[in-house]
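Novice: Predicted model and sequence below, questions to follow.
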Amino acid sequence: MAETKVVRRNSSTGVGIIIAPILAIVLSLLFSEPGRAAGRAVDQPGAECLACHGDKSMSTTRGGKPVSLYVDGKKFATSVHGSFGCTGCHADLEGKDLPHDTPAPVKCGTCHTTEQEQHARSLHGKAVARGDPLAPRCVNCHGNHDIYPVKDARSSVAPLKVPFVCGQCHREGTPVSRNRPIPQDNILENYSESIHGEALLKKGLSVAPNCATCHTPHLILPHTDPASSINRRNIAATCTKCHTQIESVHRKIIRGELWEKQANILPACVDCHQPHKIRNVFYSQGMANADCMRCHGDEKLRRARDGQSMYVNIGEVSHSRHSKIACSQCHSEVNASRVRPCETITRGVDCTSCHDEIGKLYVTSIHGQLTGKNDPNAPTCKECHGTHGVLGKQDPQSSTFATNVPGLCGRCHREGQMAAVRYTGTQHEIITQLHGEHSRNSAEERPDGDGDLHQLPHRSPDSSPHRSGIER
């Protein structure tokens, strides 16, 4: 063993004699550390291993294909396993001579016992057990030398990345989608367009549900398995992890006929919300018509202040022009969170929300001007078109069908009626004498009903042939 001397200025000779031998022994021990001098693998944080694996050109051949053996030392050092050292996972290389033989597959279950047990029970784990070459293992989802915590944006299983991790196998065109019996198709595409997908991928809400939220990360089972998170009996529990109040507002979201199909048995979420699509018409409409009809389907229902009937004939609605429009789209002030949702309504239906152009014409007409003055005799949309049974003008049953228009206008303009009383001109019996024959002929000549003497019923009073006698 070589002796190392340390010379220190301003020190006594005795002190130097004592320090020098001790320092020599310490340095000798450091440089002759077992394993380092013998060229053996030791549990260092990558120092020995990266001497070779830190070379980007290092590779091998497996199954006739080149496989890179490069390990990014910086990424590994900052990963969750960075402090373990290589042999913390590659335990079979502990104490082996370098360079080593092909290491045994890493057994993640040595530390992650619960996750390993769940994976073994899952569809993925069973595929691994039967030797399916397409079966996903831990490394396929989590990576190997650059594994980060789930909440770390760098993690391959961070919330915003999960759909793409799963999509490696479950998007259209992959070997799995083409060669394995997957009951759903266009999974990734449908998810990306769903409410959940938009929240996660377009708005960046990491709390929005991803694949693992519903299917679980490791215990992925078929929906027919009673233990599956997406089994019919378990799906409500899965959804209520996020939709915590859904049980109390259930009936306001689900169609009435589904709700009442079986007494005391609630429908499963997927009866209305298709897996991976999760976009139902009721999201935009606010609530189901069935909720309204619980009260308004009663023929005896009347308004307290004046006794007016509040009954709605659902059959009439279903055959009207608005059959595909929900109650809450016209009665937009309803509040689905109330026991009686319509109690929040403060004003009538605004038809111009959809019929904007017609509304602008109406405002300039004598009818619209009278309405603007709050004249009690001014006709509004519903006086001519009806309410829940509105039909198109080409429908013979419609009040605005060409041959029905004289009778419609006659409700107000026939002699003795309120509009005729207001009229101060010289022409009388207008409906009977002037319009009757013209309208009967126009039904054949102009089935669309346009082109009568008033041009359009919503135009300004200046277009009327009776404008000189109109009382404004």
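Specialist: Noted; the coordinates are in hand. Residues are numbered from 1 along each chain as shown.

Novice: if I look at the residue nearest the centre of the chain, how far off is residue 141?
Specialist: Geometric centre of the chain, nearest residue: residue 195, 1.1 Å, by C-alpha atoms, centre = their mean. Distance of residue 195 to residue 141, computed by C-beta to C-beta, to the nearest Å: 25 Å. From N, CA and C alone the C-beta is placed, and that goes for glycine too.

Novice: again, but for residue 84
Specialist: Counting by C-beta to C-beta, the gap from residue 84 to residue 141 is 20 Å.

Novice: between these two, who's got more neighbours?
Specialist: Between residue 84 and residue 141, counting by other C-beta atoms under 10 Å, residue 141 is the more crowded of the two (18 against 15).

Novice: Got the domain ranges for this protein?
Specialist: Domain assignment for the chain, taken from automatic domain parsing, gives 135-254+263-279, 289-344, 356-469.

Novice: What mean pLDDT does the last one get?
Specialist: It stands for domain 356-469. Average pLDDT, domain 356-469: 75.

Novice: again, but for the second one
Specialist: Mean pLDDT, computed over domain 289-344, is 88.

Novice: Now the terminal residues of it, how far apart.
Specialist: End-to-end distance for domain 289-344: 17 Å, by C-alpha to C-alpha, to the nearest Å.

Novice: Would you map the strands across the stretch 51-200 of the chain?
Specialist: Shown for the stretch 51-200 of the chain, the strands assigned by DSSP state E, counting those that start in this stretch span residues 59-62, 65-68.

Novice: Can you name the residues that contact residue 58?
Specialist: The contact partners of residue 58, by C-beta atoms under 8 Å, 6 or more residues apart in numbering, come to 52, 68-70.

Novice: Let's have the residues you listed in JSON lines, adding pLDDT, distance to residue 76 and neighbour count.
Specialist: As requested, the contacts of residue 58 are exported to JSON lines (pLDDT from 0 to 100; distance: C-beta to C-beta, whole Å; neighbours: other C-beta atoms under 10 Å):
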{"residue": "52", "pLDDT": "92", "distance to residue 76": "14", "neighbour count": "14"}
{"residue": "68", "pLDDT": "94", "distance to residue 76": "14", "neighbour count": "11"}
{"residue": "69", "pLDDT": "94", "distance to residue 76": "13", "neighbour count": "13"}
{"residue": "70", "pLDDT": "95", "distance to residue 76": "11", "neighbour count": "15"}
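
Novice: Take these and keep only those in helices.
Specialist: Members of those lying in helices (criterion: DSSP state H): residue 52.

Novice: Show me which pair in the contacts of residue 58 is furthest apart.
Specialist: 52 and 68 (12.6 Å; C-beta to C-beta).

Novice: returning to that earlier point: right, so of the strands of the stretch 51-200 of the chain, which gets closest to residue 160?
Specialist: strand 65-68 (26.7 Å).

Novice: what are the pairing partners of that closest one, and which direction each?
Specialist: Neighbouring strands of strand 65-68 in its sheet, by DSSP bridges, are strand 59-62 (antiparallel).

Novice: can you pull out the helices in the stretch 51-200 of the chain?
Specialist: 73-78, 113-121, 123-129, 138-142, 162-170, 175-179, 187-193, 195-197 (DSSP state H, counting those that start in this stretch).

Novice: for the fifth one, which positions count as buried?
Specialist: Along helix 162-170, the positions that meet the burial threshold by neighbour count (16 or more other C-beta atoms under 10 Å) are 162-163, 165-167, 169-170.

Novice: Equivalent analysis for the fourth one, please.
Specialist: By neighbour count, with 16+ other C-beta under 10 Å as the criterion, the buried positions of helix 138-142 are 138, 141-142.

Novice: Distance-wise, check residue 314 relative to residue 323.
Specialist: Counting by C-beta to C-beta, the gap from residue 314 to residue 323 is 10 Å.

Novice: Which of these two has more residues huddled nearby?
Specialist: Neighbour count, other C-beta under 10 Å: between residue 314 and residue 323, residue 314 has more, with 15 against 10.

Novice: That one and residue 293 touch, don't they?
Specialist: Yes. Contact criterion C-beta atoms under 8 Å: residue 314 and residue 293 qualify, at 5.8 Å.

Novice: Relative to residue 239, which of the buried residues of helix 138-142 is nearest.
Specialist: If you rank the buried residues of helix 138-142 by distance to residue 239 using C-beta to C-beta, residue 141 comes first, at 23.9 Å.

Novice: Chain neighbours aside, what residue packs nearest to that closest one?
Specialist: residue 165 (5.4 Å; C-beta to C-beta, 6 or more residues apart in numbering).

Novice: residue contacts, the one you found?
Specialist: By C-beta under 8 Å, 6+ apart, the contact set of residue 165 is 141, 156-157.
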